[in-house]
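Novice: sequence plus predicted model, see below.
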Amino acid sequence: MHKHLCAAAALVGLASASLASASLIDLGPDPIVVSGSIFRVTPQFGGPDFEGASAVDHWYVTVTTTGHYSFNVLSWEFDNGSNSVVDVNGDGEIAFIDSYLRLFRDDGDLTSDDQVARNDDKFSHDGANSDGSIYGYDSYLSVLLDPGTYILAIGAYHMSIDDAILGLDVDNNYYPVSYDEDLDDFVPSDHGDYEITMGLVPAPGGAALFGLASLALIRRRR
């Protein structure tokens with residue numbers, strides 16, 4: 001109960017800092033890359049259970065053409081095969097999450113009935129590592145969407161639907177993390193960075209054009 005009360009109190013300041021910075025993104029045939037950070041809201045770095053809640057970011061997107069749209073996350077920075085860290089986004093630090101995505105229709109009153117799709121891992125999605133992902137803990141969505149406005153919620157595993165709507169993952173007590181090579185183990189981090197590549201999935205034959213399109217980079221203000 002105490003953890004939930006602390007997280008709720010932190011949400012007041014967090015909402016103005018995170019949600020106010022979300023801008024409306026028009027999705028089309030050219031891929032768009034957005035970036036942001038998931039912050040640990042109530043850090044207690046000394047505990048073995050990584051006590052604390054974490055933020056949930058909301059990205060607002062518009063669709064004008066019916067089609068399949070993809071949302072591809074890049075965050076995980078530990079290569080489980082070689083047992084080593086990789087700075088996948090080139091920012092000079094190791095700070096990441098095991099991401100979770102939920103997509104909602106934006107009808108002005110966000111509820112669980114508005115959820116369109118969700119995804120935890122990209123293990124089973126061919127070609128989803130084209131964004132530079134090194135492990136399947138990064139999330140991936142490919143979903144048929146009609147014209148309208150949608151809200152893409154990104155948080156850390158396992159972000160519940162209630163957490164996604166609230167904008168705060170009150171039950172997450174592990175991520176974000178970094179990696180301590182001396183300890184050979186994950187350690188708590190105050191934030192975890194991510195990128196999401198999103199856009200209309202090209203029809204057969206249009207993949208080459210999709211790959212040549214310039215990427216627009218939108219940086220979430222911190």
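Specialist: That came through, no problem.
Novice: ranges for the helices of the protein?
Specialist: 2-18, 161-166, 207-212 (DSSP state H).
Novice: looking at this protein, which helix or strand is least sure?
Specialist: The helix or strand of the chain with the poorest confidence is helix 2-18; it has a mean of 37 (mean pLDDT, DSSP states H and E).
Novice: ok now do I154, which residues does it touch?
Specialist: Neighbouring residues of I154 by Cβ atoms under 8 Å, 6 or more residues apart in numbering: 36, 38, 56-57, 59, 73, 99-101, 139, 194, 196. From N, CA and C alone the C-beta is placed, and that goes for glycine too.
Novice: select from these the one having the most neighbours.
Specialist: Using other Cβ atoms under 10 Å as the neighbour test, the contacts of I154 are led by S139, with 30 neighbours.
Novice: show the pLDDT at the nearest residue to D121 once chain neighbours are set aside.
Specialist: In space, and not counting its chain neighbours, D121 is closest to G136: 4.8 Å by Cβ to Cβ, 6 or more residues apart in numbering. Per-residue pLDDT puts G136 at 90.
Novice: adding distance to Y175 and pLDDT, write the contacts of I154 out as CSV.
Specialist: CSV is the format used below for those (distance: Cβ to Cβ, whole Å; pLDDT from 0 to 100):
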residue, distance to Y175, pLDDT
G36, 14, 96
I38, 7, 96
V56, 12, 95
D57, 13, 96
W59, 19, 97
V73, 13, 97
S99, 9, 96
Y100, 9, 96
L101, 14, 97
S139, 13, 95
Y194, 11, 98
I196, 16, 97
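Novice: from those, which is closest to Y157?
Specialist: Y157 lies nearest to Y100 out of those, by Cβ to Cβ, at 5.0 Å.
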